[in-house]
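Asks: Sequence and predicted structure below; questions after.
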Amino acid sequence: MEENAKAQTSQALLRRMFLAAIGSAQPALCVPPYLPDPASLGNGRLIVIGAGKASAAMARAVEDNWSGPLSGLVVTRYGYAVRCERIEIVEASHPVPDLAGLAAARRMLDMVRDLRADDFVLCLISGGGSSLLPMPLPDLALEDKQNVSRALLRSGATISEMNCLRRHLSGIKGGRLAAACYPARVRTLLISDVPGDRPIDIASGPTVADPTTCQDALAIVRRYGLDIPQAVREVLESGRGESVKPGDHLLDGSEVRVIAAPQLALEAAAGAARQAGYAAHILGDAIEGEARDVGKVLAGIALQVAQREQPFPSPCVLLSGGETTVTVRGNGRGGRNVECLLSMGIALGGHPRIHALAGDTDGVDGQEEIAGAYLAPDTLARAATMGIKPVDYLDNNDGHGFFGALGDAVVTGPTLTNVNDFRALLIEAPTR
């Protein structure tokens, strides 16, 4: 009974840390300080546009803190809409784009054409915008973009590589949206979900100059052996997909602000751990690589703490963020956070003092409406009693299936923000 109570306490703390990370990146907190000065608009209009899983909540934060007139359109993931009075909210598909997103992208471009120099465009961008604003170049169809998206999701490519390819197939990303707003002033507010917080990689940079080229995109196609439509290959090989480059005068009136990021979320989680009496150590906010490999590395560090009191003494919490990848080989339900956690659990071998939680701060790990999962010291033992073999589930890329069968999934529902992966390992003090 005592061990069970201790496990429940550890699980509750891990969940509090996860919720603290999510709470720190809520648009209601981070949007208002970056709104324009009403006096600076003069006779100009405020137009709000945007895309991403957090964009509807960001729009609501604008409405709640702006008393003057405004209008606009933002597109978010199905289920992530927030009621707004003056800004239209459209829902579309993620991670594979659909016709609703295409229609929204076209309307958004129409909305910002023919603006005046005294108009002000506030662009609200967060993770997920790449799929939610699918505007194929004239020589391409939505189906081409969908096929490329599916190939990328299965490839193991990094988010930076994915978005490089997407930018060179898009009529709205890679700075094209900001260019369409010229000569109006543009301020982009970013909630970062990418390692390094690079604006060009957040929703594929619709308002940011792009230093990469069509040749860079082709190199990614070759690197991962992507099966892409012939029309896509021709656009890249011809150079017709080139994006807006640094120094282009059409971006002279455009500025970018990162208002929430993974590091800030990890710091909030660390604060929750310290309040509970645990030392907290942030290992990194930009960790990338195959999810199963990252899981093994994190397990190795946790075991060194538990067995050697190095590099930190226990009890403590190890925190990390970033965006891992999954090269899909099986036909499971996927999810990079649960794949990382499952691999970690196998490597830990049921160590009695190590607990962990891994989840996506947007509430969706992969294509599942599940944020992530919890790993307990007895996870492997419980699986064995049910005849469940964790290695088989890992081989099948079915972390969701594994943790779901054990009742250890973490479900938050739409969080209305997105600062990427969250991982926490809690190492208890040794029994004296």
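Replies: Noted; the coordinates are in hand.
Asks: what about Pro311, neighbour count?
Replies: Pro311 is flanked by 9 other residues according to other C-beta atoms under 10 Å. Quick note: C-beta positions are derived from backbone N, CA and C, even for glycine.
Asks: nope, Pro246 is what I was after
Replies: Pro246 has 10 neighbours, counted by other C-beta under 10 Å.
Asks: Quickly note the distance from it to Gly101.
Replies: Per C-beta to C-beta, to the nearest Å, Pro246 is found 27 Å from Gly101.
Asks: Could I get the contacting residues of Cys123?
Replies: Counting by C-beta atoms under 8 Å, 6 or more residues apart in numbering, Cys123 touches Val48, Ile49, Gly50, Leu177, Ala178, Val186, Arg187, Thr188, Leu189, Pro206, Thr207.
Asks: which residues of the stretch 51-200 of the chain fall in strands?
Replies: Taking DSSP state E, counting those that start in this stretch to define them, one finds strands in the stretch 51-200 of the chain at 71-77, 87-92, 120-126, 185-191.
Asks: Residues contacting the helix or strand where Val48 lies, please?
Replies: Assigned by DSSP states H and E, Val48 belongs to strand 46-51. If you take C-beta under 8 Å, 6+ apart as the criterion, strand 46-51 is touched by 36, 58-59, 62, 66, 68-76, 87, 104, 108, 111-112, 115, 119-126, 128-129, 132-133, 177, 184, 203, 206.
Asks: Taking those residues, please make a PyMOL selection of just the buried ones.
Replies: Here is the PyMOL command that picks out the buried ones among the contacts of strand 46-51, judged by 16 or more other C-beta atoms under 10 Å:
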select buried, resi 58+59+62+66+70+72+73+74+75+76+87+104+108+111+112+115+119+120+121+122+123+124+125+126+128+129+132+133+177+184+203+206
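Asks: helix, strand or coil for Phe422?
Replies: Of the three states, Phe422 takes strand under DSSP: H, G, I helix; E, B strand; the rest coil.
Asks: confidence score at it?
Replies: If you check Phe422, the pLDDT there is 98.
Asks: swap in Asn4?
Replies: At Asn4, pLDDT is 67.
Asks: Now Gly359: which helix or strand?
Replies: strand 354-360.
Asks: Parallel or antiparallel, list what pairs with that strand.
Replies: Sheet pairing of strand 354-360 (DSSP bridges) gives strand 372-375 (antiparallel), strand 421-427 (antiparallel).
Asks: quick one: low-confidence ranges for the protein?
Replies: Scanning the chain with the threshold set as pLDDT under 70 gives 1-6, 432.
Asks: mind giving me the domain split of it?
Replies: 2-24+263-427, 27-260 (automatic domain parsing).
Asks: What degree of burial does Ala260 show, as a neighbour count?
Replies: 27.
Asks: swap in Gly350?
Replies: Neighbour count of Gly350, defined by other C-beta under 10 Å: 17.
Asks: Now the residue nearest to it when sequence neighbours are not counted: phi and psi?
Replies: Once flanking residues are discounted, Gly350 sits nearest to Leu380: 4.5 Å by C-beta to C-beta, 6 or more residues apart in numbering. Note on Leu380: backbone dihedrals following degrees, to the nearest 10 are phi -70, psi -40.
Asks: any idea how far Leu380 is from Leu283?
Replies: If you measure Leu380 against Leu283 using C-beta to C-beta, the figure is 24 Å.
Asks: repeat for Arg198
Replies: Here the criterion is C-beta to C-beta. By it, Arg198 lies 20 Å from Leu283.
Asks: Also Val258?
Replies: Per C-beta to C-beta, Val258 is found 21 Å from Leu283.
Asks: next one: Pro313
Replies: Separation of Pro313 from Leu283 (C-beta to C-beta): 16 Å.
Asks: of the two, who's got more company?
Replies: The neighbour count for Pro313 versus Leu283, taken as other C-beta under 10 Å, is higher for Leu283 (16 against 13).
Asks: The more buried one and Leu319 touch, don't they?
Replies: Yes. Using C-beta atoms under 8 Å, Leu283 is in contact with Leu319, at 6.6 Å.
Asks: list the contacts for Ala100?
Replies: Shown in contact with Ala100 (C-beta under 8 Å, 6+ apart): Val75, Val90, Glu91, Ala92, Ser93.
Asks: Now with 10 Å, please.
Replies: Residues in contact with Ala100 (C-beta atoms under 10 Å, 6 or more residues apart in numbering) are Val75, Tyr78, Val90, Glu91, Ala92, Ser93, Leu132, Pro134.
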